[in-house]
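J.: only geometry, no sequence info:
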């Protein structure tokens, strides 16, 4: 297995085709692609309405055509939803909970914006609550947790911690989106960012991606169905892309393709799914501990040192969400020895590597 000589947030960087990585899994994020109709047109046209925020975002990224077009598309969808009386989740209930948007086809499970709003794609989970016991014994759908991003200036990548120590300067070594990536990589990044800023946040899988297959190995590929639920086998033995490929611009056969197809595989129409970006990972860390953005987390902070909080055994993977002590902000399996592929890249000695996060040594 080839590794770079630099590591951060307990994160090693390895080439996309590294076959030696056997415990890499993935976090799937979903972003809202239709701005939700809430209660009145004034919500869109007011001084602090969605259109005003979209205009501000457009000005901030005035030189980014893809970003601007994505913002306009979202605003048009928002207006159409209001005028046509559509929007909201398919249960006919409120389109928001504690100020958090609930996409069409999803259901509020429990939680607050501060502690983490949880949603599910199964109506049987509606209003069941967020306790570990409920999740283990009653919830049946794929679940996601809202990550608020209410200050646009904080949606950026930060220098991170490894084993309790800040690894300064690593942000300058990394890049996102990767200029040499696959054909639509930059466009997809801009669309993701436009959605996050317009909606003031995004959803992340509540659990490590899992599967009902207990026997995954290096030959398993990406045919197993992905489940974001408690008590599933960890979806391991998956590369960033096809392990037989040596190209950093190949998006097929690995975590990227698996994550991007998750929405279609589940019939979602109001959101789109992606492999997590480095900037989203840092947004999660900052949600867990706001001191993360100041690079001054306390020694006891989860984002400073998560050793022992998310451990998976290679020979017999622990099931997702196995320990309530691994949960923070209603999100499980972020720490310990869990390698999470991201869209981020790093340059080391004239070589480019994809970055994965979450590893504590």
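T.: Received the coordinates, thanks. Note that this is a predicted model, so its numbers are computed, not measured.

J.: Could you tell me which ranges of the stretch 251-361 of the chain sit under the pLDDT cut-off?
T.: Within the stretch 251-361 of the chain, the stretches with pLDDT under 70 are 313-316, 359-361.

J.: And the strands in it?
T.: 271-275, 339-348, 351-357 (DSSP state E, counting those that start in this stretch).

J.: Let me have the ones you listed in a markdown table, extended by mean neighbour count and distance to residue 235.
T.: Where you see a C-beta, it was placed from the backbone N, CA and C, and this is true even at glycine. Below are these laid out as a markdown table (neighbours: other C-beta atoms under 10 Å; distance: least, C-beta to C-beta, whole Å):
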| stretch | mean neighbour count | distance to residue 235 |
| --- | --- | --- |
| strand 271-275 | 22 | 12 |
| strand 339-348 | 22 | 11 |
| strand 351-357 | 23 | 14 |
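
J.: List just the one of those that sits closest to residue 290.
T.: When these are compared by C-beta to C-beta, strand 351-357 sits nearest residue 290, at 18.8 Å.

J.: What about residue 108, how many residues nearby?
T.: 22 (other C-beta atoms under 10 Å).

J.: Same check on residue 298?
T.: Under the neighbour criterion other C-beta under 10 Å, residue 298 is assigned a count of 9.

J.: Likewise for residue 265?
T.: Residue 265 has 11 neighbours, counted by other C-beta under 10 Å.

J.: okay but it is in contact with residue 225, surely?
T.: Yes. If you go by C-beta atoms under 8 Å, residue 265 and residue 225 touch, sitting 7.0 Å apart.

J.: quick one: contacts for residue 257?
T.: Residue 257 is in contact with 222, 241, 251, counting by C-beta atoms under 8 Å, 6 or more residues apart in numbering.

J.: The same query, at a cut-off of 10 Å, please.
T.: Residues near residue 257 by C-beta atoms under 10 Å, 6 or more residues apart in numbering: 222, 238, 240-242, 250-251, 275.

J.: Check residue 227 too.
T.: Counted by C-beta under 10 Å, 6+ apart, residue 227 has contacts 141-143, 205, 207, 209-212, 233, 235, 262, 266, 320.

J.: For residue 264, see how far away it is.
T.: Relative to residue 264, residue 227 is positioned 15 Å away (C-beta to C-beta, to the nearest Å).

J.: would JSON lines of the strands of the stretch 251-361 of the chain with distance to residue 98 be doable?
T.: Formatted as JSON lines, the strands of the stretch 251-361 of the chain follow (distance: least, C-beta to C-beta, whole Å):
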{"stretch": "strand 271-275", "distance to residue 98": "19"}
{"stretch": "strand 339-348", "distance to residue 98": "27"}
{"stretch": "strand 351-357", "distance to residue 98": "28"}
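
J.: wait, which of those strands is closest to residue 174?
T.: Judging the strands of the stretch 251-361 of the chain by C-beta to C-beta, what sits closest to residue 174 is strand 339-348, at 4.7 Å.

J.: Now do that closest one against strand 271-275, angle only.
T.: For strand 339-348 against strand 271-275, the angle by axes from the mean of the first three to the mean of the last three C-alpha atoms, to 10 degrees is 60 degrees.

J.: What's the local residue count around residue 324?
T.: The burial count for residue 324: 13, using other C-beta under 10 Å.

J.: Thought residue 213 was touching residue 225, still the case?
T.: Yes. Contact criterion C-beta atoms under 10 Å: residue 225 and residue 213 qualify, at 8.7 Å.

J.: between the two, what contacts are shared?
T.: Shared contacts of residue 225 and residue 213, defined by C-beta under 10 Å, 6+ apart, comprise residue 235.

J.: closest to residue 178 out of the strands of the stretch 251-361 of the chain?
T.: So among the strands of the stretch 251-361 of the chain, strand 339-348 is nearest, using C-beta to C-beta, at 4.3 Å.

J.: That closest one: how far from the chain's middle?
T.: 14 Å (C-alpha atoms, centre = their mean, to the nearest Å).

J.: quick one: strands adjacent to it?
T.: Looking at strand 339-348 with DSSP bridges, its partner strands are strand 24-25 (parallel), strand 174-175 (antiparallel), strand 351-357 (antiparallel).

J.: Let's have the ones you listed in CSV, adding distance to residue 291.
T.: Listed next are the strands paired with strand 339-348 as CSV, based on distance: least, C-beta to C-beta, whole Å:
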stretch, distance to residue 291
strand 24-25, 28
strand 174-175, 21
strand 351-357, 18
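
J.: before we move on, the earlier item: identify, from the contacts of residue 227, the entry nearest to residue 171.
T.: Relative to residue 171, and with distances defined as C-beta to C-beta, the nearest of those is residue 205, at 24.5 Å.

J.: Show the backbone phi and psi for that closest one.
T.: Per-residue torsions, residue 205: phi -60, psi 130 (degrees, to the nearest 10).
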